[in-house]
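Undergrad: After the sequence you'll find the predicted model.
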Amino acid sequence: MHHLSLAAALLHPSQLRAALRPHRGGPSTRDSLGGALRCGTSVALAFLVVAVLGRPDLAGYASLGALASLYGRSSGYAWRLRLMAVVGGALTAAVAAMSALAAAGAPVVAELAVLTLLAAGATAGAVALRTGPPGATILVFAAGAGAAAAAGAGDVAARAVAVAGGALLACVVCNAGWVLDRRRGRPADPAPRVRDVVRAGTAGGAALTPTASVAVAAALAGSVAAGAGWGHPAWAVMGAAAVLQGAHVRHMGVRALQRAAGTAAGVAIALPLLGAHLPFWAVAALVVLLQTATELVVARHYGVAMLTITPMALLMTSLGAPLDPARLALDRALDTAAGATVGLLVAVLAARPEHAALPPAPAPAPAPAAAAPSGQ
């Protein structure tokens, strides 16, 4: 019965009001601006390097690697560098694995199985390492990009190198201040030992429930999207994973509304941009601008952030190969809505009975640092 009570609370009009309200907490404007500029610079350099090397077709993969800059933003340089290196390696491995399946002509069911394992593994890793936002969503986004058609081993290797290169650029950009601090004689912040962070992050089996929930939701959401014939089931998996990173079930309901509605509105913004078939440098400038804007607003309102996340993600996807703009935009809207719905259903079914006793009008409280989500 508590599942029915919780479902009824999620359908209460207060949920819509909560989804419309901005979050009043979160990082300061200064911190948000610093993180946004570092991320924007990392992505811009990734575009520049692949263009100079004569491989603009790899720009999307290089910029995915540069999104490692989203991790460890509020940490000291020593831990930030370690965390970004781990994330960069994970992004590279995810793209390589999915690209290898694409090059081998693996069936959709095999791709979904690997994608589910990656989503679950990324969730466990994000909890264990207490990464904070954006959690597992960036890795799922990268894995989905890796599922694009690949000609052979050469394509697989090129994509992996591009992702790794983008992550390396992000590490340099986001930790440049460390060098300046050392030259000025400022003491470095001691980095915690990885084993200590993992021990604290997994205490009491903290990673088990979110990992299992994401695994189930990823498998279901991906199957629904693939069965419906939508072109990018990885986006459904990403939507489910993003919703499940909320602080509690009611918060997940708010995020599901924000993600689905924000994506639908973002598609309307993306369509004319995709239809204009913009030149490479115009797309690069737009992606950098949209990524920077996303990092400035995502902590304040996730739904508003989807207005910039959606066209940015679609523009990045369009860089690899020419795609039908209308079909691409429709896939994004449908996959995201399906993923958010499946993720929320799994959250309700996995909820403990005491959640049904919560008041029906929650404010969209932020998740704790280890789980506060944002994402592509």
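TA: Yes, it's here.
Undergrad: element containing A337?
TA: A337 is part of helix 325-350 when elements are defined by DSSP states H and E.
Undergrad: Okay, buried residues for that helix please.
TA: By 16 or more other CB atoms under 10 Å, the buried positions in helix 325-350 come out as 325, 328-329, 331-348, 350. Using the backbone N, CA and C atoms, a C-beta is placed for each residue, glycine as well.
Undergrad: repeat for stretch 113-129
TA: Neighbour-count burial for stretch 113-129 [16+ other CB under 10 Å]: 113-116, 118-129.
Undergrad: Which members of those are positioned in helices?
TA: 113-116, 118-129 (DSSP state H).
Undergrad: quick check, nearest of those residues to L53?
TA: Closest approach between these and L53, by CB to CB: L118, at 27.7 Å.
Undergrad: Looks like the closest one contacts F141 (just checking).
TA: No. In this structure L118 lies outside contact range of F141 using CB atoms under 8 Å: 10.9 Å.
Undergrad: Let me know the helix or strand that the residue nearest to A94 when sequence neighbours are not counted is in.
TA: Excluding its sequence neighbours, the residue lying closest to A94 (CB to CB, 6 or more residues apart in numbering) is A143, at 4.2 Å. Following DSSP H and E, one finds A143 within helix 137-146.
Undergrad: next structured bit after that helix?
TA: With elements assigned by DSSP H and E, the helix or strand that comes after helix 137-146 is helix 153-174.
Undergrad: for the stretch 201-350 of the chain, what spans make up the helices?
TA: Counting by DSSP state H, counting those that start in this stretch, the stretch 201-350 of the chain has helices at residues 208-228, 233-243, 249-275, 280-297, 302-320, 325-350.
Undergrad: Pull out the buried positions in stretch 159-177.
TA: For stretch 159-177, burial by neighbour count (16+ other CB under 10 Å) applies to 159-171, 173-175.
Undergrad: quick one: low-confidence parts of this protein?
TA: For the chain, the stretches with pLDDT under 70 are 1-2, 25-30, 182-185, 187-188, 353-376.
Undergrad: one more time with 80, if that's ok
TA: For the chain, the stretches with pLDDT under 80 are 1-9, 11-12, 23-32, 179-191, 193, 246-247, 320-322, 351-376.
Undergrad: one step back: tell me which of the helices of the stretch 201-350 of the chain sits nearest to S32.
TA: With distances scored as CB to CB, the stretch of the helices of the stretch 201-350 of the chain nearest to S32 is helix 280-297 (5.5 Å).
Undergrad: And the closest one, what does it pack against?
TA: Under the contact criterion of 3 or more CB pairs under 8 Å, 6 or more residues apart in numbering; DSSP states H and E, helix 280-297 touches helix 29-52, helix 59-66, helix 302-320.
Undergrad: Let me know which of the ones you listed is tucked in deepest.
TA: Stretch with highest mean neighbour count among these: helix 59-66 (a mean of 30; mean count of other CB atoms under 10 Å).
Undergrad: Name the residues that touch it?
TA: 39, 42-43, 45-47, 49-51, 88, 91-92, 95, 138, 141-142, 145, 159, 162-170, 280, 284, 287, 316-317, 319-320 (CB atoms under 8 Å, 6 or more residues apart in numbering).
Undergrad: 7 Å - rerun?
TA: Here helix 59-66 makes contact (CB atoms under 7 Å, 6 or more residues apart in numbering) with 42-43, 46-47, 49-51, 88, 91-92, 95, 142, 145, 159, 162-167, 169-170, 284, 287, 316-317, 319-320.
Undergrad: what do you get for stretch 299-313?
TA: By CB under 7 Å, 6+ apart, the residues outside stretch 299-313 that reach it are 19, 22-23, 26-27, 32, 255, 258-259, 261-263, 265-267, 269-270, 273, 287, 290-291, 293-294, 297-298, 332, 374, 376.
Undergrad: One more: stretch 174-181?
TA: Applying CB under 7 Å, 6+ apart, the external contacts of stretch 174-181 come out as 38, 42, 69, 77, 80-81, 84, 188.
Undergrad: Nearest to T211, out of those residues: which one, please.
TA: Distance to T211 across the contacts of stretch 174-181 (CB to CB) is lowest for M84, with 22.2 Å.
Undergrad: Could you check the helix or strand encompassing the closest one and say which residues are buried?
TA: For M84, the element it lies in under DSSP H and E is helix 77-103. Buried positions in helix 77-103, judged by neighbour count with 16+ other CB under 10 Å: 77-88, 90-103.
Undergrad: quick one, what contacts the residue nearest to L257 when sequence neighbours are not counted?
TA: Of all residues not flanking L257 in the chain, A19 sits nearest, at 4.1 Å (CB to CB, 6+ apart). Contact analysis of A19 by CB under 7 Å, 6+ apart lists 254, 257-258, 303, 364.
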